[in-house]
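Visitor: sequence plus predicted model, see below.
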Amino acid sequence: MAAIAYVNGRYLPLRAASVNIEDRGFQFGDGIYEVLYVHNHHLADADLHLARLTRSLGEIGLRQPLAPAALRVIIREVLRRNRVSTGLVYMQITRGTARRDHPFPTIPVRPSLVITARPRPAPPADIASWAAAAITLPDERWARCDIKSTNLLPNVLARQQARLAGAYEAILYDSEGLITEGAASNVWIVDAAGTLRTRPLGPSILPGCTRAAVLELLRNADIPFAQTPFTLEALRTAREIFLTSATSFVKPITRLNGVSLGNGHPGPVATLLLEHYLQHLRAP
Ligand SMILES: Cc1ncc(COP(=O)(O)O)c(C=O)c1O
């Protein structure tokens, strides 16, 4: 069955789906995107993702082409046409097509909206097989990482370096040696004193929807927790490291820069939070 994409009002086979070469997403990365996980027909944390989409669009002065309720209808239809019950949805909105010029088009143009979906395996049954390796790299991105912009070149380069090092993620640190986030995930540690920590929200990290969902789950868990920045050194000496994102859920990191962390197995906090998050996926 051919994959189907929604492109500006039409459902098209992927090979026939295209946007204009003067689309500002293609020319400038002048757009916003979202990735949602769908589990057994249920859109995980959909309210959070759609709210973040609205916020990101607002931050770059881009008109929301459709209300969140209408977007949900199209997402459902893309999932149905692709027969995806468990997988991911990709959604991109750009400032539309206009003669190439850096400032916004003077004559308003219609934003481009593209939505695709593809199947992905169900979440892991066995946490050990879900654990991964990470490397650390300086964060070379812009000063508004809270906006989910399609400008992902530094993230692409960081993930490529991770791949070349045989790792899943690149964990980024700022000029003060403080961890910001992963190239495509938020980062958490259980520090040497046993406190679970993640960087507070601000312009240098994406407000992850999975991060927000895990924070909510933590309300009912008896785990010492603080939203405080932490250093590269704290990462290196952490009892546990894990990542969160819509497609990696809660992902333990058991190797950092080629060195095994602790006993090399996922720790109890990551294990518990993955269990809770998977329950939340199954019974939202
Ligand atoms: C840079 C970055 N940080 C964090 C995340 C995690 O966000 P979410 O949990 O909403 O997927 C992502 C997701 O792709 C990301 O690209």
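Guide: Structure's in. What do you need? This is a predicted model, so every value here is computed, not measured.
Visitor: so which residues of the stretch 51-200 of the chain form helices?
Guide: Counting by DSSP state H, counting those that start in this stretch, the stretch 51-200 of the chain has helices at residues 68-81, 127-130, 153-164.
Visitor: can you check which of those gets nearest to the ligand?
Guide: Closest of the helices of the stretch 51-200 of the chain to the ligand is helix 153-164, at 6.1 Å (criterion: CB to the nearest ligand atom). Backbone N, C-alpha and C define where each C-beta goes, glycine included.
Visitor: for the residue of the chain most remote from its centre, which residues are in contact?
Guide: Ranked by distance from the centre of the chain (CA atoms, centre = their mean), the top residue is I107, with 32.9 Å. Counting by CB atoms under 8 Å, 6 or more residues apart in numbering, I107 touches A98.
Visitor: sorry, back to before: could I get the helices of the stretch 51-200 of the chain as JSON lines with mean pLDDT, distance to the ligand and mean neighbour count?
Guide: Formatted as JSON lines, the helices of the stretch 51-200 of the chain follow (pLDDT from 0 to 100; distance: least, CB to the nearest ligand atom, whole Å; neighbours: other CB atoms under 10 Å):
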{"stretch": "helix 68-81", "mean pLDDT": "97", "distance to the ligand": "15", "mean neighbour count": "16"}
{"stretch": "helix 127-130", "mean pLDDT": "93", "distance to the ligand": "16", "mean neighbour count": "15"}
{"stretch": "helix 153-164", "mean pLDDT": "98", "distance to the ligand": "6", "mean neighbour count": "16"}
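Visitor: would you format those helices as CSV with distance to R120 included?
Guide: Below are these laid out as CSV (distance: least, CB to CB, whole Å):
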stretch, distance to R120
helix 68-81, 12
helix 127-130, 13
helix 153-164, 17
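Visitor: first vs last residue of stretch 21-37, how far apart are they?
Guide: Terminal residues of stretch 21-37 lie 29 Å apart, using CA to CA, to the nearest Å.
Visitor: off-centre distance for that stretch?
Guide: Offset of stretch 21-37 from its chain centre (CA atoms, centre = their mean, to the nearest Å): 15 Å.
Visitor: neighbours of N82, how many?
Guide: By the criterion of other CB atoms under 10 Å, N82 has 21 neighbours.
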